[in-house]
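Participant: Provided below for reference: sequence and predicted model.
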Amino acid sequence: MSLTLIFLLITIAASLAAWNNAALMNKWIFNPYQVSNKKQYYRFITSGFIHKDTLHLIFNMFVFYLFGGIVENIFTGIFPAPWGSVLFGVLYLAGIVVSDIPTYVKHKNQPYYNALGASGGVASVLFSYILFQPLEKLCLYGLPFLCFPGILWAAVYLLYSYYSGKKGAGNINHDAHLYGAIFGIIFTIVVFPSIISIFIEQMKGFTLF
């Protein structure tokens, strides 16, 4: 069984458990105030395996399933066993943790601020994929008229997450999306520096349509 599928199944199980147990939800959710004052650092990880509702869960896991398997296969193809799987696991789990650090710093004195979801880890995996396949067309919501090269969507995603995070737009942790994506790029470059030349070579063939 792939690590992608294992993470996906654990996330579904954890989310279902939290939805049916309010005490468990409160214990696992990312509350920066509790982390700071009660040293509950485990919340950095547990919050990445629970979700707000069914739509939130389905969206994150759908994206993770689509791209996680591909990135995992790339890593296991590049690195000898078991390091490919280990590095893929670190990419995803560390993406969840690192993406929440800015949120922790920003909200650690706000007792009622909470965040949850795998978005940081999913963004890390997605942007790792885009480094390997920058010109592969991605279709928003599967709509053929909204298909553009991944690198273009990456730029839009980063800009939107940055400005939305600054404005505090909606009930979404845009900072987790932004920093998860940035972490995915940096991590991939650090563990596989050759990706830089591979990326540049592919970008020579860039066209918008």
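Facilitator: Perfect, thanks for sending it. Residues are numbered from 1 along each chain as shown.

Participant: Now do the SS call for L131.
Facilitator: helix (DSSP: H, G, I helix; E, B strand; the rest coil).

Participant: Near it, how many other residues are there?
Facilitator: The local packing of L131 (other Cβ atoms under 10 Å) involves 23 other residues. For the C-beta atoms, the positions are set from N, CA and C on the backbone; glycine is no exception.

Participant: ok, now which ones touch it?
Facilitator: G184, I185, T188, I189, I195, F199 (Cβ atoms under 8 Å, 6 or more residues apart in numbering).

Participant: Just give the number of residues close to the third one.
Facilitator: In terms of burial, T188 registers 26 neighbours under the definition other Cβ under 10 Å.

Participant: Am I right that it is in a helix?
Facilitator: Yes - applying three-state DSSP, one finds T188 inside a helix.

Participant: my guess is Q40 meets F30, correct?
Facilitator: No - at 9.7 Å, Q40 does not count as touching F30 under the criterion of Cβ atoms under 8 Å.

Participant: Neighbour count: the two, which is higher?
Facilitator: Legend: neighbour count by other Cβ under 10 Å for Q40 and F30, higher for F30 (26 against 16).

Participant: I'd like to know how far the closest residue to E136 other than its chain neighbours sits from S128.
Facilitator: Distances taken as Cβ to Cβ, 6 or more residues apart in numbering place G150 nearest to E136, at 5.3 Å, with adjacent residues excluded. Per Cβ to Cβ, to the nearest Å, G150 is found 11 Å from S128.

Participant: which of the two has more neighbours?
Facilitator: For G150 versus S128, neighbours defined as other Cβ under 10 Å are more numerous around S128 (31 against 21).

Participant: burial of K39, as a residue count?
Facilitator: K39, neighbours per other Cβ under 10 Å, totals 8.

Participant: Contacts for stretch 66-78, please.
Facilitator: With Cβ under 8 Å, 6+ apart as the criterion, stretch 66-78 contacts 2-5, 7-8, 84-85, 87-88, 91-92, 122, 125-126, 128-129, 132, 192.

Participant: what do you get if the cut-off is 10 Å, keeping everything else the same?
Facilitator: Contact with stretch 66-78 is made by 2-5, 7-8, 61, 64, 82-92, 121-122, 124-133, 136, 138, 150, 184, 188, 191-192, 194-195, as judged by Cβ atoms under 10 Å, 6 or more residues apart in numbering.
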